[in-house]
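Student: just the structure for this:
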Amino acid sequence: MREKNWKYSETGMMLLFVLILIMILTTLMVAMLIITSERLNMTGMADRRAKALEAAQSGVEYAFYQLNNDPNWGKGVISNITEKLPDGQEFSIIFDPVETPFSKNNLTGDTKSGSTPPFSAEIICRGTYGRISKTYRAVFKREEEFELPASSAGNMNLVTYNNGNPSETNIKGIEPNDPGVIHGNEDLTFDGDGSGKLNLNDGYFSSSGNVDITGTVNSSQIKIKPSNAEMCYPDIDILEIIDDNKASCHTLPSASKFYLFGYFEYAQNAYCIPHSSDLATGTDDPTVHTYPYTLGVATFTESGGIWDYIDVLIDFYYASPGTTKSNPPGLPSSPARNLYNSYNPIDFAIYGTPEMTAIENELAMTVSKTIEPDGCVLTTLKLTSDLYIPYEISITQACSMLYYWSNKHNKYSYMPALSANYSPKFKLDLNGHNIYAQDSLHIGMPLAGKGNIFSGGEIGIIQSYDLELGVYAQSGLYLDYCSQNAVDELTYRGILYSKSNIGMYALDDSHLKKYNYYGTMLSAGTGNDFNIGITSDQVNIFYTHDQLEGICKVRKNFKVRRNECYLLR
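Tutor: Numbering: from 1, shown residues only. A predicted model of the protein is given here:
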């Protein structure tokens, strides 16, 4: 019998074990190679995707740069704009309408165009690296669309008066649930007159300076956010806008004129005495020579400007006051009440005469007279075209003056007395037109209707009617409201923009139940004061787009800002 050779059997087993081990190691190595390869492939894919994304973002920045240098860039383009970048990247800004969505410049359009909002540019940009592509959608807005209800590059002061009675001030953004934000680059104050309630719709006061909140019943609930960075404001070149649009306007004569509408005692070259009413109103505005008075307009020049003119009007109603609070202004002597003592020559036009027609043609306005339901006579000046005024001008209605003691200036100050207690009334209806004034503009009668006013100097206006109005001043901007129209509620829809101070006040002791401001108010100059003082039971200041189309249609050179940007696919 043959014996087994265990030596050879053990050798075979060892060989088998080695072969199995080699197979296992080989399998592990192959697996590791596959895993490593996959990881490298995934890393490479992530890198390619990142580079494609960078290319798309570069295209968005390219479009942002182009639009800020030429607001018309991209208009009329129907083929894609492609640029190659280093490292094999490239972007294509999609303008081909075959591809959806595609880019569109709608910065001057006042309605939505496809998916592009009004006064916006929509950019669709595809970034590519190798076979990988990423697409971004960006929307740029015009800089005029400043999304705060009220803001100042200087100081901001908001006061709501209600004679100590409970009042409410509501401030919010454009949507019903949007918070209200008030910002001042310098100091910011709010005074609720002792019993006011402030509702910011879960918003806040923001300031780079001090914030002082007084006179509110809920001051502990008001949020304050200190800001270390000053907010940037749109720099609107008002003089450029005036220069770009004046050629298409009716132009006033080059000689400077002031226009005073009202009821007068008038005898050519003898006396011209304006009165605050068509009635003989007594000791504060007595008849000097003849009654009844004549409805007309006196025109003359004032080399000293608007403030010298106001001083003349004050002299009509009050003698020079003393320097103390106990020595108020007195009544003037009758001989002093003659416009010829201050201005000569004076051109006078009586309502309904060829001379008044000439004034209408000169001002591009019609002048009409109606009887209001309350029996008051209403004289309406209505613009018939856009108007360019090459010099300082005042268009005012004759009225008496109120005086009050100013603790701030330690003297008596004056304001026009426009009220609903007497006839007549006057108003200037913009009638959908714009006024472009090269210098300061003072409109001393209530405005009505819809339009825009641009001034290379100061602007002073009055509100007694609901308005849709954009106002842009190179210097100070002053809006006074009064109760001449005897209403409980007033609404202003539009934009107030000044490169200097803004003041908004009650012109008399009128008391409103509600004052509504829909739009944005912006004082864009550093070191300026933005002062709002409203007497009302309720004040609503809401950010909206009202009258944004007015500035967008006439401003040719502007900047854009980022609104939204996100990965589309």
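
Student: Ala55 belongs to a helix?
Tutor: Yes - using DSSP: H, G, I helix; E, B strand; the rest coil, the secondary structure at Ala55 is a helix.

Student: tally of neighbours for the residue nearest to it when sequence neighbours are not counted?
Tutor: If you skip the residues right next to it in sequence, Ala55 has Gly127 as its closest partner in space, 3.0 Å away by C-beta to C-beta, 6 or more residues apart in numbering. The way it works is simple: take the backbone N, C-alpha and C, and place the C-beta from them, glycine included. The tally of other residues near Gly127 (other C-beta atoms under 10 Å) stands at 25.

Student: can you classify the residue most central in space within the chain as helix, strand or coil?
Tutor: Computing the C-alpha centroid of the chain and ranking residues by C-alpha atoms, centre = their mean puts Ile495 first, at 3.1 Å. The assignment at Ile495 comes out as strand when based on three-state DSSP.

Student: quick check: it touching Gly470?
Tutor: Yes - using C-beta atoms under 8 Å, Ile495 and Gly470 qualify as a contacting pair, with a distance of 4.4 Å.

Student: list the residues that contact both of these two?
Tutor: Gln547, Gly550, Ile551 (C-beta atoms under 8 Å, 6 or more residues apart in numbering).

Student: what helix or strand is Ala52 on?
Tutor: Taking DSSP states H and E as the definition, one finds Ala52 inside helix 6-69.

Student: in this structure, which spans are helices?
Tutor: In chain order, the chain shows helices spanning 6-69, 238-245, 306-317, 354-363, 548-554, with DSSP state H as the criterion.

Student: tell me which residues of the second one are tucked away?
Tutor: Read it as helix 238-245. Neighbour-count burial for helix 238-245, with 16 or more other C-beta atoms under 10 Å as criterion, is recorded at Ile238, Ile241, Ile242, Asn245.

Student: same check, this time on the shortest one
Tutor: Along helix 548-554, these residues count as buried under the neighbour rule (16+ other C-beta under 10 Å): Leu548, Glu549, Gly550, Ile551, Cys552, Val554.

Student: what packs against that helix?
Tutor: With contacts defined as 3 or more C-beta pairs under 8 Å, 6 or more residues apart in numbering; DSSP states H and E, helix 548-554 has these neighbours: helix 238-245, strand 441-455, strand 459-473, strand 489-498.

Student: returning to that earlier point: the residue nearest to Ala55 pairs with what?
Tutor: Residues in a beta bridge with Gly127, per DSSP bridges, are Phe91, Lys134.

Student: columns distance to Ser120 on top of the helices of the chain, output as CSV?
Tutor: As requested, the helices of the chain are arranged in CSV below (distance: least, C-beta to C-beta, whole Å):
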stretch, distance to Ser120
helix 6-69, 10
helix 238-245, 20
helix 306-317, 39
helix 354-363, 37
helix 548-554, 10
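
Student: quick check: which of those is nearest to Lys411?
Tutor: Among the helices of the chain, the nearest to Lys411 by C-beta to C-beta is helix 306-317 (12.5 Å).

Student: now for the closest one, which elements pack on it?
Tutor: Other elements packing on helix 306-317 under the criterion 3+ C-beta pairs under 8 Å, 6+ apart are strand 401-406.

Student: quick revisit: deepest of the helices of the chain, which one?
Tutor: Mean neighbour counts were taken over these using mean count of other C-beta atoms under 10 Å, and the top value, a mean of 20, falls to helix 548-554.

Student: how is this protein partitioned into domains?
Tutor: Domain segmentation of the chain under automatic domain parsing yields 47-142, 148-249+463-556, 254-385+387-432.

Student: lowest mean pLDDT across these, which one is that?
Tutor: Here the domains of the chain differ in mean pLDDT, and the lowest is domain 254-385+387-432 at a mean of 82.

Student: just the strands in the stretch 251-400 of the chain please.
Tutor: Under the criterion DSSP state E, counting those that start in this stretch, the stretch 251-400 of the chain carries strands at the ranges 258-267, 271-275, 294-300, 347-350, 365-371, 377-383, 387-389, 393-397.

Student: and Ser195, which of the ones you listed is closest to it?
Tutor: Ser195 sits nearest to strand 393-397 of all the strands of the stretch 251-400 of the chain, at 35.8 Å, using C-beta to C-beta.

Student: quick one: which of the domains of the chain is nearest Ile20?
Tutor: When these are compared by C-beta to C-beta, domain 47-142 sits nearest Ile20, at 40.1 Å.

Student: mind checking how far the closest one is from the chain centre?
Tutor: Averaging C-alpha coordinates over domain 47-142 and over its chain gives two centres that are 29 Å apart (C-alpha atoms, centre = their mean, to the nearest Å).

Student: next: stretch 445-462.
Tutor: For stretch 445-462, the separation from the chain centroid amounts to 13 Å (computed by C-alpha atoms, centre = their mean).

Student: just the C-alpha atoms of that stretch, please, in PDB.
Tutor: Coordinates of each C-alpha in stretch 445-462 appear next as PDB, following Å, rounded to 0.1, in the frame of the first residue of the first chain:
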ATOM      1  CA  MET A 445     -51.100 128.300  -4.400                       C
ATOM      2  CA  PRO A 446     -52.300 124.700  -4.000                       C
ATOM      3  CA  LEU A 447     -51.300 122.200  -6.600                       C
ATOM      4  CA  ALA A 448     -53.600 119.600  -8.200                       C
ATOM      5  CA  GLY A 449     -53.500 116.800 -10.700                       C
ATOM      6  CA  LYS A 450     -50.600 114.700 -11.800                       C
ATOM      7  CA  GLY A 451     -47.100 115.600 -13.000                       C
ATOM      8  CA  ASN A 452     -43.500 116.300 -12.100                       C
ATOM      9  CA  ILE A 453     -41.400 119.300 -11.100                       C
ATOM     10  CA  PHE A 454     -37.700 119.600 -11.500                       C
ATOM     11  CA  SER A 455     -35.700 122.600 -10.200                       C
ATOM     12  CA  GLY A 456     -32.100 123.600 -10.400                       C
ATOM     13  CA  GLY A 457     -32.600 125.600  -7.100                       C
ATOM     14  CA  GLU A 458     -35.200 125.400  -4.300                       C
ATOM     15  CA  ILE A 459     -38.800 124.300  -4.700                       C
ATOM     16  CA  GLY A 460     -41.700 125.500  -2.500                       C
ATOM     17  CA  ILE A 461     -45.100 124.000  -3.100                       C
ATOM     18  CA  ILE A 462     -48.500 123.800  -1.300                       C
END
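
Student: Phe258: what's its closest spatial neighbour, skipping adjacent residues?
Tutor: Leaving out its chain neighbours, Phe258 is closest to Ser394 (C-beta to C-beta, 6+ apart), at 4.6 Å.

Student: would you agree that neighbour is in contact with Met445?
Tutor: No - using C-beta under 8 Å, Ser394 is not in contact with Met445; the gap is 10.3 Å.

Student: quick one: which of those two has more around it?
Tutor: Under the neighbour definition other C-beta under 10 Å, Ser394 and Met445 were set side by side, and Met445 has more, 25 against 20.

Student: before we move on, the earlier item: quick one: the residue nearest to Phe258 from Asn162, how far?
Tutor: 33 Å (C-beta to C-beta, to the nearest Å).

Student: same deal with Glu355?
Tutor: According to C-beta to C-beta, Glu355 stands 47 Å off from Asn162.

Student: ditto for Ala150
Tutor: Distance, Ala150 to Asn162, by C-beta to C-beta: 19 Å.

Student: between those two, point out the one with more neighbours.
Tutor: Between Ala150 and Asn162, Ala150 has the larger neighbour count (other C-beta under 10 Å), namely 25 against 22.

Student: how about the contacts made by that one?
Tutor: Neighbours of Ala150 in contact, by C-beta under 8 Å, 6+ apart: Met156, Leu158, Ile171, Ile182, Thr520, Met521, Leu522, Phe530, Ile532, Ile541.

Student: so what's the residue count around the third one?
Tutor: Under the neighbour criterion other C-beta under 10 Å, Ile171 is assigned a count of 25.
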